[in-house]
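A.B. asks: predicted model, plus sequence, below.
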Amino acid sequence: MKALRWHNAKDLRLENIEEPSAKKGEVKLKVEWCGICGSDLHEYTAGPIFIPADQPHPLTGDKAPIVMGHEFSGQVVEVGEGVTTVQVGDRVAVEPIYNCGECEPCKQGLYNLCEKMGFYGLAGGGGGFSEFTSVPEHMLHKLPEGVSYEQGALVEPSAVALHAVKQSKLKVGDKAAVFGTGPIGLLVIEALKAAGASEIYAVELSEQRREKAAEFGAIAIDPATGDAVEQIQKLTNGGVDVAFEVTGVPPVLKQAIHSTKFNGETMVVSIFEKEAPIHPQDLVLRERNLTGIIGYRDVFPAVINLMAQGYFAADKLVTKRIKLDEVIEEGFEGLLKERNHIKILVKAE
């Protein structure tokens, strides 16, 4: 079968590999749609970040080359020994977190903070950029009628956004700012709406992405036409309650912090390739908080439920649909050349 494998930075290869079977405790899926994540793009341009390149991952035993793709949906075509929660024909989304179940975070139910944590499609085991893949049973979430396979491929990034909002101090009626309105930033706006934010400001250089942010209900700000922080401080009479940094660009972190009011909070959602210097006084003198999230936990059912209500809609987020044969040039390279894309979905066929 065809599968996209990461060999090194700027070295992705669409290769023919052995089609997997459903081992004990696993479920074989025919992959339907898989999204290209910002994390995938980071691995392509500057990896390895999450990918085990030199030593095998402690939970999967795999190292590069590995099959990529962790935002995906599929149909169950085979169940392994002991599997009881799904059956052949079920439509599912995949929650791709590996955790050991034994470290202290895992014992407390904080499985996304596992000391050995990894992502299916980044740490080995298989991936969504393939025709078929075999997934541990506990990673699967059934999709109800009315939630399409395309929506299913958006559950994973939507979970990142919902977890970020849930972990923040935001309350109903609070004001928020989102710095960066790529796929995750737009999904954060959706999650903020669902959480009852009264005002949402979106700071974005790209005109197309600003338009998308406005379409999602945010007040869009172009940082190229003036000081975005000053604009937010003026419009909110002192700053937002919570700012979300979703660019991964070092100077933007400082802007996000400055956009918050006294005792405000900045949530770091991005994966940074470089260090981001900040002045501690920006936190200390205003008693601000700075925190971050990785992945998600216990939110997939809530995301799927919100999708059934119309949130996180694929028709508002997906700007390009391609085939697996096109994933490198039209997908990864396309995202680097055409920065206005929101979400590219890949059809595994």
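C.D. replies: Happy to help now that I have it. Model, not experiment: these values are computed from the prediction.
A.B. asks: how many residues are close by residue 226?
C.D. replies: Neighbour count of residue 226, defined by other CB atoms under 10 Å: 10. Quick note: C-beta positions are derived from backbone N, CA and C, even for glycine.
A.B. asks: check it and give its pLDDT.
C.D. replies: If you check residue 226, the pLDDT there is 93.
A.B. asks: ok, now residue 340?
C.D. replies: For residue 340, the predicted pLDDT is 73.
A.B. asks: can you tell me the element the residue nearest to it when sequence neighbours are not counted falls in?
C.D. replies: In space, and not counting its chain neighbours, residue 340 is closest to residue 208: 4.1 Å by CB to CB, 6 or more residues apart in numbering. Residue 208 belongs to helix 207-215 when assigned by DSSP states H and E.
A.B. asks: return the distance of that helix from the chain's centre.
C.D. replies: Mean C-alpha position of helix 207-215 versus that of the full chain (CA atoms, centre = their mean, to the nearest Å) differs by 19 Å.
A.B. asks: which is the succeeding secondary structure element to that helix?
C.D. replies: Sequence order places strand 219-221 as the next helix or strand after helix 207-215, per DSSP H and E.
A.B. asks: other SSEs contacting whichever helix or strand residue 93 is part of?
C.D. replies: Using DSSP H and E, residue 93 sits in strand 91-94. Helices and strands touching strand 91-94, by 3 or more CB pairs under 8 Å, 6 or more residues apart in numbering; DSSP states H and E, are strand 26-35, strand 71-79, strand 140-142, helix 149-167.
A.B. asks: partner strands of that strand, with direction?
C.D. replies: strand 71-79 (antiparallel), strand 140-142 (antiparallel) (DSSP bridges).
A.B. asks: closest one to residue 263 among the ones you listed?
C.D. replies: strand 71-79 (35.1 Å; CB to CB).
A.B. asks: in contact with the residue nearest to the spatial centre of the chain, which residues?
C.D. replies: The centroid of the chain falls nearest to residue 157 when counting by CA atoms, centre = their mean (3.3 Å). Residue 157 sits next to 35, 37, 71, 183-184, 187, 343 when contact means CB atoms under 8 Å, 6 or more residues apart in numbering.
A.B. asks: give me the contact list for the next helix or strand after the strand holding residue 93.
C.D. replies: Where DSSP H and E defines the elements, the next helix or strand beyond strand 91-94 is strand 97-98. Outside strand 97-98, the residues that touch it by CB under 8 Å, 6+ apart are 57, 59-60, 111-112, 114, 116-120, 123, 125, 139, 295-297.
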